[in-house]
Each structure stands twice: as structure tokens, then as C-alpha cells.
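*Asks:* let's see this in three dimensions:
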Amino acid sequence: MKWLLSRILAGLAAVLVVAAGAAVLLAAQYSGTPAPWAASTGHDAAWLGGPWAAQDVDSDEYATLASRVERGGISELYVYVGEIGADGTLAPEGYAEAERFLRRVGEELPDVRVLGWMNFTGDGSSLVEDRFDREQRAAVAAAAGAVRDAGFDGVHLAVSPVTTNDPSLPRLMGEVREAIGDDALLSVQAQHVELVPGARVPSFVFSGREKYWSKGYLARVAGPADIVVLPGHGSGMPVSSLYGGFMVRQVTQALGALDGPEAQRDGEDAVAVRFGAPVFEDEAWGEPSGGESVATATEAVRIGLTDHGRRDDVGMAVYLLDDADEQAWDAFLTGWVDVADEADRAD
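*Replies:* Here you go, the predicted model:
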């Protein structure tokens, strides 16, 4: 019995040593000086999670929104239009007042593209059963077409959790693209990319959660898309240095997949990429982690972009107004937007 216990303890000690070493390596990613050009190029996005398209918005609320959009150089708004039902349908009440909102944005913020944010959060894993069957996919695609017909510039599709190699999401992306047309924008929210190949397997075994995608699966899902959004929250990293290393790795892994041999693009243009900033605290939008901050996220994205190489269609994505406090918003401006202005003045 003592022999067995000693073997178990030795095994646990070995696991802890490996984990500690991995943590050191991950934290080491968050180092170095980002290049001056690694900052906002005006290709940034923002989620709007309130009922902006479902009801009329008063002038004060809209003025606050417009001020932040202009100050932050936001080029895309992902406006929440509702939850996708279990059968794939989307209630039209979620964008009942879209015409009025879209007209005002078009008049006052003509360079901003507005996408209808269609959200779906499933139960359990899609490892054994695909997240969407054929009928559900057809319903989602039809709903996306209706959102486009309501006047939106396109749709932002956020579906989770999805297991790597679930064929239903790439198929859904193709069907949504066909439904909204080639001239509309199609954005998709991805899951985190595994930090090293195969890391998603032990993560799933120990946590039971569909947290990571492989690089190849990210490229498959991105094939029909114009924009891919990588989350900046839910990393599970307890301290800032680990979160910074995690986000640097997200940038290099994601861009490596989308620019590398895994990329599956019908046309010549690469898919644009946005990296999320954890500006919210409400778990309705995602799971916050102790080490996450906007300041760390912006610095990490800049370091990761520097490591990868220049790519002008990379931006960040933030939540506007709904649960973003002034401190988080100021950190986004200081760490991402204003450094770009400083670089321009230096040139």
C-alpha cells in the first residue's frame, strides 16, 4: 500500500513539475517590446449586447454610443439580435426596431458597418452529436438571410461550445454565406486556439469543457468568413503574466493558422481577425478569469502581432456600454488606439 501511495505521489509531483514548467514558458511569451506599428489600424469592432435593434434608443444613449465609436475608431458593430433557438430559428422581435437604428448609424457614422449578432449557447459536447443537424442549419441560414434583409451589413455568428472537427459549423458557415450573399459581411466568433497541438485533448478530459479548437479547424470554420473573432476572456489564467502569455500565443497561433497551409480560402483576400478584450464583468457575456485585464490584453496582442509580422486587417473587439466601465474603456484607448496615433506622429 505504501509502495502504491509513493508511486501516486511521485506521479502527482511529476505532473506539478511539468505544469510549473509550462507556466514559466507561457509567461515568457509575454515579454519583449511591441513594434510601433503593432496597434490599431482602424479595423476594430465592438459588441452591443443591449436591445439596440429591438427597441427605440433615446438620444442620450445614442450620443454616448456614437462618441465611443468615433473615439475608439470602431469600424464594425456587432449588434445583438437574439438567441438562436434549439430548432435554429431566430425571433424577429430581436431586430424589430433595426431600421431606425441602422438609418441613424448610416447617417451619422457612415463608415461603420453594422452586423446582426446571432448567438447560440448549447448544452454539453458536440463530440458525438453535431451541434446542428441539416434542418437546424437551414433554419439558422434562413434567419441570417432575414437579418440581412432587415438592413444589416451582414451577420456575426457566435455558436458555442463546438468540438474541433464537428462538421456542422463549417457547413453552417457555407450555408449562411449563401443565404446572405457575397456582398454581405460574415463574421464568426471562434473558440480559443489550442496553445500547442493536441493540448485540447487533456483540457477536455480534465475539465469536460469544449475550450479549444485546433488550428486546422479554425481555418476550416473561417473559410467562408470575412472576419474571425477570437475571445479575450475565459482563459482560466489566474495571474496577469500567464494571461498575457496566453493571449500572445492566441495571436501567433490564430494568425499562423489563417495565413498558413491550413487556410481554406476561396478568394485571394485573407480573413480579417479581431481579438477580444475582457472589458466586461457580467457572466452573461462570458466567463471572466482572475488574471484578465484590458491593459494586459492590448499589450499581448501587440507583442503577438509583432512576433507574427505586420498584418493591417488585425484589430481588437470590445464591449461598448453594456458592461464596460470607464477604466476598461480607457485601458483600451491607451493601450491600443492612442499608441497608433503616437506611431503616426513619430513617422
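*Asks:* could you check how many residues crowd around residue 81?
*Replies:* For residue 81, the neighbour count with other C-beta atoms under 10 Å is 31. In this view, the C-beta of every residue, glycine as well, is placed from N, C-alpha and C.
*Asks:* that one should be in a strand, yeah?
*Replies:* Yes. Checked against DSSP: H, G, I helix; E, B strand; the rest coil, residue 81 lies within a strand.
*Asks:* that one reaches residue 146, doesn't it?
*Replies:* No. Using C-beta atoms under 8 Å, residue 81 is not in contact with residue 146; the gap is 9.6 Å.
*Asks:* need the residues touching each of these two.
*Replies:* Listed as contacting both residue 81 and residue 146 by C-beta atoms under 8 Å, 6 or more residues apart in numbering are residue 90.
*Asks:* surely residue 47 meets residue 76?
*Replies:* No. Residue 47 lies out of contact with residue 76 (C-beta under 8 Å); the separation is 9.8 Å.
*Asks:* show the residue spans covered by the strands in the protein.
*Replies:* 44-48, 74-83, 113-121, 154-160, 185-189, 192-193, 212-213, 227-230, 272-276, 314-319 (DSSP state E).
*Asks:* mind putting these into TSV with distance to residue 68 and mean pLDDT?
*Replies:* Compiled in TSV, the strands of the chain are given as follows (distance: least, C-beta to C-beta, whole Å; pLDDT from 0 to 100):
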stretch	distance to residue 68	mean pLDDT
strand 44-48	8	96
strand 74-83	7	97
strand 113-121	15	97
strand 154-160	18	98
strand 185-189	20	99
strand 192-193	27	96
strand 212-213	31	94
strand 227-230	18	98
strand 272-276	16	98
strand 314-319	9	96
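*Asks:* make TSV from the ones you listed and add distance to residue 168 to it.
*Replies:* As requested, the strands of the chain are arranged in TSV below (distance: least, C-beta to C-beta, whole Å):
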stretch	distance to residue 168
strand 44-48	24
strand 74-83	18
strand 113-121	12
strand 154-160	9
strand 185-189	13
strand 192-193	19
strand 212-213	14
strand 227-230	18
strand 272-276	23
strand 314-319	25
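*Asks:* any idea which of the ones you listed gets closest to residue 239?
*Replies:* Among the strands of the chain, strand 192-193 comes nearest to residue 239, with 17.6 Å by C-beta to C-beta.
*Asks:* now the closest one: how far from the chain's centre is it?
*Replies:* Strand 192-193 sits 10 Å away from the centroid of its parent chain (C-alpha atoms, centre = their mean, to the nearest Å).
*Asks:* paired strands for that strand, with orientation please.
*Replies:* Counting by DSSP bridges, the strands paired with strand 192-193 are strand 212-213 (parallel).
*Asks:* list the residues that contact residue 193.
*Replies:* Contacts here follow C-beta under 8 Å, 6+ apart; on that basis residue 193 touches 212-215, 218, 230, 250, 253-254, 257.
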